[in-house]
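Student: I need the structure of the sequence given here:
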Amino acid sequence: MSDPIYDAKTLWELVERRAAATPDTPMLLDPADRTVTFGEFKAWAERVAAGYHALGITAGTRVTWQLPTRIESIVAATALARLGAVQNPIIPFYREKEVGFCLRQTDAEFYLTPGIWKGFDFVAMGEALGKEQPGGLTVLVAYDELPEGDPASLPPAPTDGDEVRWLYYTSGTTSDPKGVQHTDGTLIAGGIGLAKALDMAQTDVGSIAFPYAHIAGPDYVNTLLITGFPAVIIETFDPAGVIPVYKRLGVTMVGGGPAFYVAFLNEQRKQPGEKIIPSLRIVSGGGAPKPPELYHEVVDEMQAVLCHGYGMTESPMIAQGGPNDSADQLKFTEGKPVFGIEVRIVRADGTPAGPDEEGEVRLRGPMVFKGYTDPELTKEAFDEDGFYRTGDLGKLRADGHLSLTGRLKDVIIRKGENISAREIEDLLFAHPKVADVAVVGLTDRERGERVCAVVERQPGQPDLEFDEMVRYLKDASLMVQKIPEQLEVVDALPRNDTLRKVLKFKIRDEYNAKPWTPRR
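Tutor: Next up, the predicted model:
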């Protein structure tokens, strides 16, 4: 590409090029009305890099950080990138078990914390865990203040964008988390993919209300650096609280994932007909499949286009809907594969699937991770052509857009017949008594697996009844064999602390352990 912004090889080079191109343009905003321009951001990060260097952090130093979504957190991570440190971000909601695992696995030398945050003492936890580190552990607070020094004291910035300097750990279910290895280059490629898909202008104002320690954090920040628009940084997501901030600061894009979309919709429904964020034009995100019905609800009620995307820890960007896509594409797909990635749909026998044919989604491209920290897991994760096996099921439509249909492990096998949980979920989500839904397969002596629908109550509505669900799904022409044998209604589905993705393994564990009385 001719644009030097797109040619940056390292994150620090990207910061330098954006600061040179638009130094006085705002980059980061927050609810306290602080504004940091691209030029100020570069200078601040450089001073903090000098401060960390004086404390002993240099190229290759292993740093675990567990920081909330704040301007200071983004500055700290960028300062570490300037030094060439190996970073291991952890969502701040995790505690001793997960943090201790990551510290041991990465052999961390430094641990950056917010101090006491939301009533929890991270310093005390770090110091206790540090006693188990063979080489010791230096615990530092990075919240309101960051260490600063003279940039003239800094060593040369890293130039190799292909060196593994980012370690993300996926959430474990029945086994330990997997260490996902990224480079500056893979993260920049993800940012380029998102930037090109969303086609944002420098006059837009984005928002980051999800955990910055998630893989989506650098993905979004790199998009800011590539495109040159600012974002509002929200430490704790509370829809009623952030909406006045977004309104005041002229936010044009919000999101994070389907749970965020629903949260904004609930606020919009408190004042129907009056747009809650007048400047808003795009709702975007990923992290979980989007029910098609949600598209129309966002467009009709929030008066904004819903551009859903698809990514994962192993590849921060895979596909992304864009504001110029058709309503059909935005409603029924996760968007078009982003710039630079190859998406292949593979049948169960390993042969390539045709257009609109379901198969496993496999990936190859510059944003795909460099393997797991466990070499054996890496061997299993890639096929003979170097494509990453996602474990997701999907279709590449004739128009080139990708539609996810489920997970290989989320296919329910009932009496030998494969049933897609996603198909049932999309139908039930449209029911007025359903706020959200998860469909799982439960162990069943007669059927092998039975279909169980767990429905989250819709506020202000009576509970969905079993017979009512059956009639509704029959009226929707769902095959009788696919209609759930079990219905559970709950106040809230179990979710993770990042993009609020539903944790189906917890649902399976809970209801497999409970007695069940057949209804039909």
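
Student: from the contact counts, what lies against the longest helix anywhere in the chain?
Tutor: In the chain, assigned by DSSP state H, the helix with the most residues is helix 38-54. With contacts defined as 3 or more C-beta pairs under 8 Å, 6 or more residues apart in numbering; DSSP states H and E, helix 38-54 has these neighbours: helix 11-21, strand 26-29, helix 71-83. For glycine as for every other residue, the C-beta is placed from the backbone atoms N, C-alpha and C.

Student: same for the first one, what does it pack against?
Tutor: Translated: helix 11-21. Against helix 11-21 (3+ C-beta pairs under 8 Å, 6+ apart) you get helix 38-54, helix 71-83, helix 184-198, helix 216-227.

Student: the helix or strand following the shortest one pairs with which strands, and in what direction?
Tutor: Per DSSP states H and E, the first helix or strand lying C-terminal to helix 216-227 is strand 231-233. Within its sheet, strand 231-233 is paired with strand 26-29 (parallel), strand 206-208 (parallel), according to DSSP bridges.

Student: mind listing what's buried in whichever helix or strand comes after strand 231-233?
Tutor: Remark: after strand 231-233, the chain's next helix or strand is helix 239-249, criterion DSSP H and E. Neighbour counts over helix 239-249 (16 or more other C-beta atoms under 10 Å) mark 239, 242-243, 245-246, 249 as buried.

Student: can I get helix 239-249 in PDB, CA atoms only?
Tutor: Coordinates of each C-alpha in helix 239-249 appear next as PDB, following Å, rounded to 0.1, in the frame of the first residue of the first chain:
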ATOM      1  CA  PRO A 239     -25.700   1.800  29.700                       C
ATOM      2  CA  ALA A 240     -27.800   4.400  31.600                       C
ATOM      3  CA  GLY A 241     -24.600   6.100  32.800                       C
ATOM      4  CA  VAL A 242     -22.700   6.100  29.500                       C
ATOM      5  CA  ILE A 243     -25.500   7.300  27.200                       C
ATOM      6  CA  PRO A 244     -25.300  10.900  28.500                       C
ATOM      7  CA  VAL A 245     -21.500  10.800  28.100                       C
ATOM      8  CA  TYR A 246     -21.800   9.500  24.500                       C
ATOM      9  CA  LYS A 247     -24.500  12.200  23.800                       C
ATOM     10  CA  ARG A 248     -22.300  15.000  25.100                       C
ATOM     11  CA  LEU A 249     -19.200  13.800  23.300                       C
END
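
Student: pLDDT of that helix, averaged?
Tutor: Helix 239-249 comes out with an average pLDDT of 96.

Student: which other helices and strands does it contact?
Tutor: Judged by 3+ C-beta pairs under 8 Å, 6+ apart, helix 239-249 is in contact with strand 231-233, helix 258-268.

Student: which stretch in those has the least confidence?
Tutor: helix 258-268 (a mean of 90).

Student: in that one, what counts as buried?
Tutor: 258-265, 268.

Student: next, count neighbours for the nearest residue to residue 453 once chain neighbours are set aside.
Tutor: In space, and not counting its chain neighbours, residue 453 is closest to residue 484: 4.2 Å by C-beta to C-beta, 6 or more residues apart in numbering. Look at residue 484: counted by other C-beta atoms under 10 Å, it has 27 neighbours.

Student: what do you get for residue 132?
Tutor: 10.

Student: for residue 179, see how far away it is.
Tutor: Residue 132 is 18 Å from residue 179, where distance means C-beta to C-beta, to the nearest Å.

Student: likewise for residue 302?
Tutor: The gap separating residue 302 from residue 179 is 38 Å, by C-beta to C-beta.

Student: wouldn't residue 406 be in contact with residue 395 here?
Tutor: No. Applying C-beta atoms under 8 Å as the test, residue 406 and residue 395 come out as separate, 10.9 Å apart.

Student: list the contacts of stretch 94-106.
Tutor: 62, 64, 66, 86, 88, 90, 108, 111, 120, 125-126, 128-130, 132-133, 137, 167, 169, 176-177, 179, 373, 497 (C-beta atoms under 8 Å, 6 or more residues apart in numbering).

Student: let's see 6 Å
Tutor: The set of residues external to stretch 94-106 that reach it, using C-beta atoms under 6 Å, 6 or more residues apart in numbering, is 62, 64, 88, 90, 129, 167, 169, 179.

Student: identify the residues contacting residue 477.
Tutor: By C-beta under 6 Å, 6+ apart, residue 477 has no neighbours at all.

Student: okay if I get the helices and strands packed on helix 239-249 as CSV plus distance to residue 82?
Tutor: As requested, the helices and strands packed on helix 239-249 are arranged in CSV below (distance: least, C-beta to C-beta, whole Å):
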stretch, distance to residue 82
strand 231-233, 20
helix 258-268, 31
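
Student: ok, which of the helices and strands packed on helix 38-54 comes nearest residue 162?
Tutor: Nearest to residue 162, of all these, is helix 11-21, at 12.6 Å by C-beta to C-beta.

Student: and the closest one, how far out from the chain's middle?
Tutor: Distance of helix 11-21 from the chain centroid (C-alpha atoms, centre = their mean, to the nearest Å) equals 25 Å.

Student: go on, stretch 253-260?
Tutor: Mean-position distance between stretch 253-260 and its chain equals 10 Å (C-alpha atoms, centre = their mean).

Student: then stretch 502-520?
Tutor: Computed by C-alpha atoms, centre = their mean, the chain-centroid distance of stretch 502-520 equals 27 Å.

Student: before we move on, what about stretch 393-405?
Tutor: 20 Å.

Student: now do stretch 344-352
Tutor: When distances are taken as C-alpha atoms, centre = their mean, stretch 344-352 is centred 26 Å away from the chain's centroid.

Student: just the terminal-to-terminal distance for it.
Tutor: 7 Å (C-alpha to C-alpha, to the nearest Å).

Student: in that stretch, what counts as buried?
Tutor: For stretch 344-352, by 16+ other C-beta under 10 Å, it's 344-346.
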